[in-house]
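Engineer: Next input, structure requested:
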Amino acid sequence: MKYSSKISIGTAQFGLDYGITNNKGRILLPEVLKILKIAQDNNISKIDTARSYGVAEETLGKAIQDHENFKITTKFFIDKNYLCQTEIVKEWEKNFSKSLENLNTKKIDTLLIHNPNNIMKNQYEILFDWLFYLKEKNLINNIGVSIYKKEDLENFNLKNIDVVQLPFSIYDQRLFLDGTIKSLYENEILIQARSIFLQGLLLQPINKWPDFLSKSFKIHHQNCQISLKELNINPIEAALSFLLKCKYLDSLIIGLSSLGDFKQILDQISKIQNNEYNDVTTNFSWRNEEDLDPRNWKL
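Structural biologist: Below is the predicted model of the structure:
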């Protein structure tokens, strides 16, 4: 499958009852095993997880027998309450060792800083000395950071970063339109796109959207859905096509709530490969951060 190298399996639902539109609950181990088998059969080797995703790391550790077939990205939180250098490094070491134990592996492909805003100014040098040490010891391949907006990168020396994970979708094009994504690409930084379906909202009719989202965003969504229907393009096709054909992206993180979801997405990817699409979704951009950033959602 042509685009399979760009697909990364998001695992929040492997460890949590996660997602604003998820009404199926957590995906249990037997179904996870089937998802990973289909992933292998389709040459999909990337997996995204985090210590904060409940038991997702542990589930993956039980499910993945041959780690060489998968490239795992995981994330760790910076606790700003640790002010002593020795204490900070010990905490990071403990969290990293726990991820290795959970995942039942000796090495992780990419380690991301999950909350860069918690890094104190006097911690940057300490943090990257430790991350470089992990690289030198061949415990990780890549150092990265997970961001929400371009300001999250202001204190970083991009020469120290291999990977940036960020929100990007047909509705949330903020980091594309402000030049952040192009700039990262030109700095040879691998870009992972997450929230590509906006936790499933892009695929739902507005009568299933929560009340706290703005009326204007709901109208925007309805108008976009009408436009797609007129073009005979379904929402999953539009969302995937827009990102799969973006040359700047290394991977798209696809959150799943079931094996059926995964099969449907693979069918759509196959369809996209065999069809030409006009770039109809560039006008679908929405700018209201209150609607787009899940941290603002009143769940």
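
Engineer: The stretch 51-200 of the chain: strands as residue ranges?
Structural biologist: Ranges of strands within the stretch 51-200 of the chain are 71-76, 108-113, 140-146, 163-167, 190-194, based on DSSP state E, counting those that start in this stretch.

Engineer: Who are the contact partners of residue 48?
Structural biologist: Residues in contact with residue 48 (Cβ atoms under 8 Å, 6 or more residues apart in numbering) are 8, 9, 10, 11, 72, 73, 74, 165, 192, 194, 253. Using the backbone N, CA and C atoms, a C-beta is placed for each residue, glycine as well.

Engineer: and the third one, what does it touch?
Structural biologist: Right, the one you point to is residue 10. Here residue 10 is in contact with 48, 194, 253, 254, 255, 256 (criterion: Cβ under 8 Å, 6+ apart).

Engineer: For the contacts of residue 48, give me a markdown table that also has pLDDT and distance to residue 269.
Structural biologist: Below are the contacts of residue 48 laid out as a markdown table (pLDDT from 0 to 100; distance: Cβ to Cβ, whole Å):
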| residue | pLDDT | distance to residue 269 |
| --- | --- | --- |
| 8 | 97 | 13 |
| 9 | 96 | 13 |
| 10 | 95 | 15 |
| 11 | 94 | 19 |
| 72 | 96 | 21 |
| 73 | 97 | 20 |
| 74 | 96 | 25 |
| 165 | 98 | 20 |
| 192 | 98 | 17 |
| 194 | 96 | 17 |
| 253 | 97 | 14 |
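
Engineer: of all the residues you listed, which comes closest to residue 118?
Structural biologist: Distances from residue 118 to the contacts of residue 48, taken as Cβ to Cβ, are shortest for residue 165 (16.2 Å).

Engineer: which ones among the contacts of residue 10 are found in strands?
Structural biologist: Under the assignment DSSP state E, the contacts of residue 10 contribute 48, 194, 253, 254, 255 to strands.

Engineer: ok, and what's touching the strand or helix carrying residue 218?
Structural biologist: If you go by DSSP states H and E, residue 218 is part of helix 215-230. Contact with helix 215-230 is made by 170-171, 201-202, 205-206, 209, 234-235, 238, 280, 284, 286, 288, 291, as judged by Cβ under 8 Å, 6+ apart.
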